[in-house]
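1. Structure for this input, please:
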Amino acid sequence: QVQLVESGGGVVQAGNSLRLSCEFSFIIVRRNDMAWYRQAPGKQRELVARITESGSTNYADSVKGRFTISRDNDKNTLSLQMSSLKPDDTAVYYCNVDETKYGARTIWGQGTQVTVSS
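-> Modelled structure (predicted):
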């Protein structure tokens, strides 16, 4: 069964932190460039962080210095540590392979909702 499950979202006040996790049943994270995305209401999905197969990372300007992407090769999971959260970070967060490298994906998880109150 194909599974892609995000978790860890919630409602937090601005300035606080959250850690998101993602489990895959059909993608080997250490062999792919992976990414976290988010979609706010009325907006297109955007890539916020990526980690390459070699371990290099980069981030959208809006989250640089506040978010950290990482992976656990043994558990085959992807994580996103989010700090100093802002109301503008409110969105549904998704994980997947890096679409800029592999092309548009057709399989997505349900996402995890992050709501940041001011």
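
2. remind me which residues of this structure are low pLDDT?
-> 1-2 (pLDDT under 70).

3. can you give me the helices for it?
-> Ranges of helices in the chain, per DSSP state H, are 99-102.

4. And the strands in it?
-> 4-7, 10-13, 18-24, 34-39, 46-51, 57-59, 67-72, 77-82, 91-97, 112-117 (DSSP state E).

5. Residues touching the last one, excluding its own?
-> In this structure, residues lying in contact with strand 112-117 by Cβ atoms under 8 Å, 6 or more residues apart in numbering are 6-14, 16, 18, 20, 38, 82, 85-93. For glycine as for every other residue, the C-beta is placed from the backbone atoms N, C-alpha and C.

6. try 6 Å
-> Contacts of strand 112-117 with the rest of the structure, by Cβ atoms under 6 Å, 6 or more residues apart in numbering, involve 6-9, 11-14, 20, 85, 87, 89-90, 92-93.

7. Of those residues, which is the nearest to residue 107?
-> residue 6 (12.9 Å; Cβ to Cβ).

8. Count the residues that sit near that closest one.
-> Residue 6 has 23 neighbouring residues, counting by other Cβ atoms under 10 Å.

9. quick one: it and residue 108 touch, right?
-> No - applying Cβ atoms under 6 Å, one finds residue 6 not in contact with residue 108, separated by 9.4 Å.

10. residues near residue 57, how many?
-> Residue 57 has 14 nearby residues by other Cβ under 10 Å.
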